[in-house]
Structures are given as structure tokens and as C-alpha cells.
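In: I'll drop the sequence and a predicted model, then ask my questions.
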Amino acid sequence: MNNLERLRSENPLIVCYTNDVVKNFTANGLLSLGASPAMSEAPEEAEEFYKVASALVINIGTLTHDNEEGIMKIGRIANEQGTPIVFDPVAVGASSYRKQFCKRFLEQIEVSVIKGNASELLTLVDSQTTMKGTDSDSSLDAVEIARKAHKNLETAIVITGKEDVVAQNNQIVKLANGSPLLAKITGAGCLLGGVVASFLFRNTRPEIEQLIEAVSVYNIAAELAENKNHVHGPGSFLPELLDQMYQIDETTFEKYVHKVEV
Amino acid sequence: MNNLERLRSENPLIVCYTNDVVKNFTANGLLSLGASPAMSEAPEEAEEFYKVASALVINIGTLTHDNEEGIMKIGRIANEQGTPIVFDPVAVGASSYRKQFCKRFLEQIEVSVIKGNASELLTLVDSQTTMKGTDSDSSLDAVEIARKAHKNLETAIVITGKEDVVAQNNQIVKLANGSPLLAKITGAGCLLGGVVASFLFRNTRPEIEQLIEAVSVYNIAAELAENKNHVHGPGSFLPELLDQMYQIDETTFEKYVHKVEV
Amino acid sequence: MNNLERLRSENPLIVCYTNDVVKNFTANGLLSLGASPAMSEAPEEAEEFYKVASALVINIGTLTHDNEEGIMKIGRIANEQGTPIVFDPVAVGASSYRKQFCKRFLEQIEVSVIKGNASELLTLVDSQTTMKGTDSDSSLDAVEIARKAHKNLETAIVITGKEDVVAQNNQIVKLANGSPLLAKITGAGCLLGGVVASFLFRNTRPEIEQLIEAVSVYNIAAELAENKNHVHGPGSFLPELLDQMYQIDETTFEKYVHKVEV
């Protein structure tokens, strides 16, 4: 059985510690795809949830002083339980507060995948390498950032952008599906974090194929949604994206996937 | 005037202490139906709100240590004000943390309706009966669970599932409307809690007919939405569900309602 | 370049401290319009965000004891940074708790625009004038309330209702676009706060024309959405509203705007 079929048959439990803005959309997206989302945030119940969860998503979109320690705690519990973590360092470059938190988190917690855009990943890599001096990495492209992040942070990397880049097990693949309307709805990137988590099946060191399928299934659904006649903007795109995530099958994925190893 | 017409003419204020994932959808659902939702959570203003509110919904979907005491406090204030409470013990079986909280809540606070799925209600009944030894209740069906919960917890019970079961005043009724797509959007059960609250009209001991109409109006709206030609999945189902809740009238309810006393 | 074109070309960063119910919808609305929303709430990063932000929205929809001090703090930081604040005193009349908080906030923080319905603005004006004795202002109409609020609170005023009223620089304008369906979706007023903020361009004392265009662009989008054939209720109205906000241009605004100076 391939990954998408496995997802639909297992309905993996995906626990999401995510930001307030996107909880509803993330849950609806994962339900449409076939996963079983739980937006549990209490460290008090983390152990019981992570024992049976297929993966944990940690997204710092609405990080505040009050939830910092909770996030560290659930990260530690997931590590103890062997539950893979997908980490989404939302807007890490926008404040030194976020930068410091992400640095601390990644030093203490082992994550399986980091998903972000090029500038977020660049910030993480830079903060890791600060002690070696100042790199002028701003000229690097997404492939170079992915290569460096994969090496330095020792985890799978998904970089989103006009083209997406996936790095794992010393392989790097560029993916070219998607829709510009994804940038016009809030939480499109956050939902992708949950989609990636849905393809991990409790594997803390996923194959690159699992990541490619996750990113591409989502982006192809977006592509098909954008091309519908009745879609005229972000408002009509959003429900159609959910419908396409509900309907997409392995054949459609194979037909449309656009990947290039680099 | 029947209940749905009364709801539309009174626009009852429904205060919702509900989880972060579903606040928006709950509010939109109640507005579509004709109620007036307020997502107020501050105990500081609870008294003023509950004095004029038609009912209070308490949903523990995103229970955390930080909001436990707030929930107890607003429960007490609602009891003092005579405001009926609809209690939704989301995922109570998923962690002992939730189980203990619900036990404490139900011991100290009087609720008018408990709404949940069969396994949630079973967990509540079991935790109530633990001291009498271990019941092997897992084989019980929804009707039996409803009967037992109604007796032991001394409150109206709404059990959701493929068929729904309502128990009140020693009557039990099975309801058979609904749509499988309800399970594919997040918060469909949480919204039902709000819909039930909208039919209480400050009645702490509602008639079973009020509960039947609440559950059935919602489920018939879902049925009609699912059958629309343009509905192809959860994404297109969700807005159509709201439209149907906006449009449904007493005649449609009477025409489609499917209930059996047991 | 006029205001709407400027908005689309600059994609102004709008930081929103808003209530849990409407974060997602507010973000999607602002993205559809062409602004760049950030739902950052941590005072720790406020300075860095407000330095580059075009405006800050503060909405007290889900005010609790725990977030009071955070709101005061970010207000002060925005004032220090010269970032204009749009203040939305949601349901300020519904509890003395909210009333006291708003009074304290407006005494200590300088805001650029207050947006609310007539009863909210009336409550603010009354609480400001309490010491002069009890005014029987309940008979005042929206224009009178706007006039008084503009004078007493020394800030631009946007009053929403069947007709909207804008007061700034001692001018008052009545606006007559909009749709009754706006009252049937949650957060329609909250999103308008964000739309107003998107037209400020870091101007702490905006021209009345900026406010008129903000309110009218939003209301015309709602009007056009309501008139679509496939819109039958709040569910289908909501995505169409986002599409219309995405598509509306200056010509459409000029063609449909309905304003009267009073």
C-alpha cells in the first residue's frame, strides 16, 4: 500500500499544538485528507495522547511568554514517547524573541521535520552558526538553504515557496506544484505542517518519498482547486481546496507530481 | 409558537465557553440558525451575561490547567443565576486528566444537558460508578448508555452517532437524521451543543421535545446540505450547512424528522 | 495613487490583537484585500513588529483578566513607536468589567480610530462623561453619538449600523452601503476594524477620506457578494465576500460609493 492509501485506511491521530489563527482550518484540512486531528495542548495529557499519536505538530505562530514552557514540555514528552515532531518556526525572523525561543527549542528537543519558508530556515541556520561568525547567507537560494539546514540541524527539511524543496537522507528534491492562491489564505503553510505529519506514520526518520508525497498531494489539490471554474479568489478557493484534499487519490498524485532531484 | 419559530423571534443569547478550534464555526452556526452567540470567557463578567443569557455551553475541547478554575467558576455562577448549562465532555476518555476534571465538574455543578458521543458518555458513567466496581460497559449500545447516564447523572442526555439518542424525563428517543460529512468537519458536534442550548429558552429542565427538535433541525439541515448538487466534500458542505440552518423552517423539520421512541 | 491601489501595492503589515473567535476570518479578509496580517500578541516582540507595521488593531472581544495587562502594554509600545491604533470596544456595554477596562485603556493610550456600533460608542462617551452627571443619551442617533465621541474622545470615529457614520477632523459623513448578511456572520465588524487599519498607512491622524474608502470598499464588497445568484445565506455569503474583497477595484468603489456629508 502506498502512503496516501495508508493514510486513508489508518486515519492517523495527529496532535497539533498550533497557533490560534489556524486551528480550525488545520483541523478541517486534516479531516478532509483522512487524518484524525486533535488540538490538545495540555502537558497534563500529552503522554497519553502521544503514545497513540502518529505525529505531533508544533507551530509557534502565536508564541507568547505564557505558552513557552508548555511547548518545551510537550516537546520533551514527545521525544520520550518516540513520537515524531514536525516543527514550524513561523515568522522566526520577525523578532529576536522568536529566534531565541526556536534556538532553545531545537537545542533541547529532537524534531523529525522542520517546515518553513526560505527566510525562516535561513534564520534558523544562521542562529545555529552564529558562533562561527557571521555568514552572509542572504544570497543563498532555497536549495542551498535546505542543504545547509539539513546538514546543520540534522533533520528533514521542507522549504515552501514558489517551488518547494525537500531535503532528507542527504537527498534534495525540488517540487513544482501549487497555487498562488495558497498565499492568499491564512494558515496554508501551517496546514502543510499537519499534512506532512499525517504522512509520517510514527517514523521519526521518514523517507524522503513520504515528504515528497505529503507536499505534492497538498499542492496538487491546490492546483486542481485553483483551476475550477467557480473559483474566483481566496474565498471560493478555500472550500474547494478542502474538497480536493478529500477527493485526491494516488493516481491523481502520480499523474500531476512535478519533482526534480537536484 | 413552536420552538424553532420562537428561537427565530427571540434570538436567544447563548454564551459559549468553548474550545479554540471551533469558536468561529460555533458562532457562525448559531447566527445562521437565529441565535445570538457570545463567546465570553471572563468570570468577571459572567454574572451580567448569564442573567440575560438563554443558556450557557461549556465545552472542554481545549482544556488546560490555566482554564480549569475559570470553568468551575462560570459553572457556579450559571447555577446561581439559574442559567441552564449544556456540557460537552469532548474526548473525556482520551486522558485521565480530562476524566478527573469532568468528574469534579459534574460533582459540583448542576448541568441541564450532557451532549457527547457514546464513548464519552460511557466514560462519564463509568467514572461515576467506579466505586461500585468495574462494570464491563464497553458492550453497551448507545440507548443503554443514554439510559444509564440519564439515571446516574440525573440530567438530560444527547448521544451523537450514526443514530442519535436523546434521554429526558425517563423517556428515550432515537433520531435517525444526519450526514456522514458532519464527521468530516471539525466542531460539528460542538456546534450541536450550541444548537441544543439555543432551544432551551432558560429552561433548566427542558422537555424532551426541545432536545429532539434541536438535534433534528441540525441533522436535517446537514442532510439537505449533503444532497445539494454542488456539494462534493467537506469544503463545500460546510457553507451549505450554514445556509440550510439559515433557511430551515418548522415545515421542513416536520417533513423530514425521523424519530423512534424506545 | 489612490488609497486602494496604494494598499494593493504596499501590502501593509497590520498587527491584530483580536479575539479568538475571529482571528482566522480577520486574517483571511485582510489577505483577500491585499494587506499582510500578523496576529502577534506577545509584548516581547511588539516593538519589532510595530516598528514596521502600518497599523495595530486592538479588539477586546474575548477580554479576560489574563490578557488585560498585555493589551495595555502593547498599546503603550504602539504609542511609543508612533504606530496608529484602531480600537474596537466589542460589547463594552455588556459588562461593567469591559466598561472599566476600556475607560482605563482610553485614558492611558492614544488611539487613532475607534470603531464600534452606536451603543458601544455611546457607552464609551457616557463613561467619559459620568463625572459630569448622568446624561440621558439613549435617545441620540448615530450621527449625534459620532459627533460627541469625536469631540470627547479626540479621535476618529467609525460607527457601524444600517448606515455607517464616520467622524474625523470635525467632519461627519454618513455611508449607506452594506448588506444585512454582514450581521449573520461572526466577526464582520471585527474585520472592518482590520480593513480600516489597512487604509491608515502609518498615519496616526488619518484623513476622513481614508476612513470613508475603508468602510465603503468593505461594504460594497458585501453588497456585491449578497447580490450573487449562488448566495443563499451566511454560509455562501462568507466566501463570496472574501472573493469580492479580492476583486474590488477603485472604479467599482467610485461607482457604488454612497456617502452624504451631514
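Out: On my side now, so go ahead. Numbering: from 1, shown residues only, chains lettered A, B, ... in the order given.

In: In the sheet, which residues pair with the residue lying closest to A:Val260 once chain neighbours are set aside? Tell me.
Out: Distances taken as C-beta to C-beta, 6 or more residues apart in numbering or on different chains put A:Lys174 closest to A:Val260, at 4.8 Å, once the chain neighbours are dropped. Where you see a C-beta, it was placed from the backbone N, CA and C, and this is true even at glycine. Legend: beta-bridge partners of A:Lys174 under DSSP bridges are A:Val165, A:Val260.

In: isn't A:Lys174 right next to A:Asp164, touching?
Out: Yes. At 7.3 Å, A:Lys174 and A:Asp164 qualify as touching, with contact defined as C-beta atoms under 8 Å.

In: Show me which of those two is the more surrounded one.
Out: Shown here are A:Lys174 and A:Asp164; by other C-beta atoms under 10 Å in any protein chain shown, A:Asp164 has more neighbours (26 against 17).

In: Residue ranges in the stretch 1-150 of chain A under the pLDDT threshold?
Out: A:1, A:127-140 (pLDDT under 70).

In: quick one: contacts for the closest residue to chain B within the stretch 101-250 of chain A?
Out: At 3.0 Å from chain B, A:Leu242 is the closest residue in the stretch 101-250 of chain A, using C-beta to the nearest C-beta. Counting by C-beta atoms under 8 Å, 6 or more residues apart in numbering or on different chains, A:Leu242 touches A:28-29, A:32, B:233-235, B:238.

In: Now do the same for it: its pLDDT.
Out: Listed pLDDT for A:Leu242 reads 98.

In: Identify the spatial nearest neighbour of it, chain neighbours not counted.
Out: B:Gly235 (3.0 Å).

In: Could you verify that that neighbour is part of a helix?
Out: Yes. Counting by DSSP: H, G, I helix; E, B strand; the rest coil, B:Gly235 is part of a helix.

In: Hmm, it is touching A:Phe237, no?
Out: No. With contact defined as C-beta under 8 Å, B:Gly235 and A:Phe237 do not form a contacting pair (9.7 Å).

In: where does A:Phe201 land in three-state SS?
Out: coil.

In: Could you give the number of residues near the spatially closest residue to it that is not a sequence neighbour?
Out: Spatial nearest neighbour of A:Phe201, chain neighbours left out: A:Ser54 (5.8 Å); criterion: C-beta to C-beta, 6+ apart. Other residues near A:Ser54 come to 23 when the count uses other C-beta under 10 Å.

In: Next: A:Val21.
Out: 28.

In: Any idea which residue is closest to the centre of chain A?
Out: Nearest residue to the geometric centre of chain A (C-alpha atoms, centre = their mean): A:Gly193, 2.2 Å.

In: And the helices in the stretch 1-150 of chain A?
Out: Using DSSP state H, counting those that start in this stretch, the helices found in the stretch 1-150 of chain A span residues A:3-10, A:23-33, A:43-52, A:65-81, A:96-108, A:118-129, A:142-153.

In: and those helices as JSON lines, adding distance to chain C and mean neighbour count?
Out: Below are these laid out as JSON lines (distance: least, C-beta to the nearest C-beta, whole Å; neighbours: other C-beta atoms under 10 Å in any protein chain shown):
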{"stretch": "helix A:3-10", "distance to chain C": "25", "mean neighbour count": "17"}
{"stretch": "helix A:23-33", "distance to chain C": "6", "mean neighbour count": "27"}
{"stretch": "helix A:43-52", "distance to chain C": "18", "mean neighbour count": "19"}
{"stretch": "helix A:65-81", "distance to chain C": "6", "mean neighbour count": "17"}
{"stretch": "helix A:96-108", "distance to chain C": "4", "mean neighbour count": "17"}
{"stretch": "helix A:118-129", "distance to chain C": "13", "mean neighbour count": "21"}
{"stretch": "helix A:142-153", "distance to chain C": "21", "mean neighbour count": "20"}
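
In: Quick check: the residue of the stretch 101-250 of chain A closest to chain B is in a helix.
Out: Yes. Assigned with three-state DSSP, A:Leu242 falls within a helix.

In: can you tell me how far it sits from A:Ala225?
Out: Here the criterion is C-beta to C-beta, to the nearest Å. By it, A:Leu242 lies 9 Å from A:Ala225.

In: Which residues of the stretch 51-200 of chain A lie near chain B?
Out: Within the stretch 51-200 of chain A, the residues that sit near chain B (C-beta under 8 Å from any C-beta of the partner chain) are A:66, A:70.

In: Which residue does chain A have closest to chain C?
Out: A:Gly235 (3.0 Å).

In: isn't that residue right up against C:Leu238?
Out: Yes. When contacts are counted by C-beta under 8 Å, A:Gly235 is listed as touching C:Leu238 (7.1 Å).

In: Local confidence estimate at the residue of chain A closest to chain C?
Out: 98.

In: That one and C:Ser32, how far apart?
Out: From A:Gly235 to C:Ser32 the distance is 7 Å (C-beta to C-beta).

In: what do the two both touch?
Out: Counting by C-beta under 8 Å, 6+ apart, the contacts common to A:Gly235 and C:Ser32 are C:242-243, C:245-246.

In: Can you turn the buried part of these into a ChimeraX selection?
Out: In ChimeraX, a selection of the buried entries from the shared contacts of A:Gly235 and C:Ser32 looks like this (16 or more other C-beta atoms under 10 Å in any protein chain shown):
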select /C:242,243,245,246
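
In: And for A:Glu213, nearest residue in space, chain neighbours not counted?
Out: Leaving aside its sequence neighbours, A:Glu213 sits nearest to A:Asn3 (C-beta to C-beta, 6+ apart; 4.9 Å).

In: contacting residues for the one you found?
Out: For A:Asn3, the contact set (C-beta under 8 Å, 6+ apart) comprises A:199, A:201, A:209-210, A:213-214.

In: what about the closest residue in space to A:Ala156 that isn't next to it in sequence, how many residues close to it?
Out: Counting by C-beta to C-beta, 6+ apart, A:Ala156 lies nearest to A:Gln168, which is 4.0 Å off, once chain neighbours are set aside. Other residues near A:Gln168 number 23, with proximity taken as other C-beta under 10 Å.

In: Quick check: A:Gln168 touching A:Asn203?
Out: No. Using C-beta under 8 Å, A:Gln168 makes no contact with A:Asn203, being 11.1 Å away.

In: Now do the same for A:Asn229: helix, strand or coil?
Out: Recorded secondary structure, A:Asn229: coil (three-state DSSP).

In: List the contacts of A:Glu10.
Out: A:54, A:201 are the contacts of A:Glu10 under C-beta under 8 Å, 6+ apart.

In: Repeat that for A:Glu80.
Out: Contacts of A:Glu80 (C-beta under 8 Å, 6+ apart): A:Glu47.

In: Equivalent analysis for A:Pro180, please.
Out: Contacts of A:Pro180 (C-beta under 8 Å, 6+ apart): A:Glu226.

In: can you tell me how far A:Leu13 sits from chain B?
Out: 10 Å (C-beta to the nearest C-beta, to the nearest Å).

In: Would you quantify the distance from that residue to A:Ala38?
Out: 6 Å.

In: Over to A:Val260?
Out: 36 Å.

In: and those two? which has more neighbours close in?
Out: Comparing A:Val260 with A:Ala38 by other C-beta under 10 Å, the one with more neighbours is A:Ala38, at 22 against 10.

In: pretty sure the more buried one is touching A:Tyr17, no?
Out: No. The criterion here is C-beta under 8 Å, and A:Ala38 misses it with A:Tyr17 at 10.3 Å.
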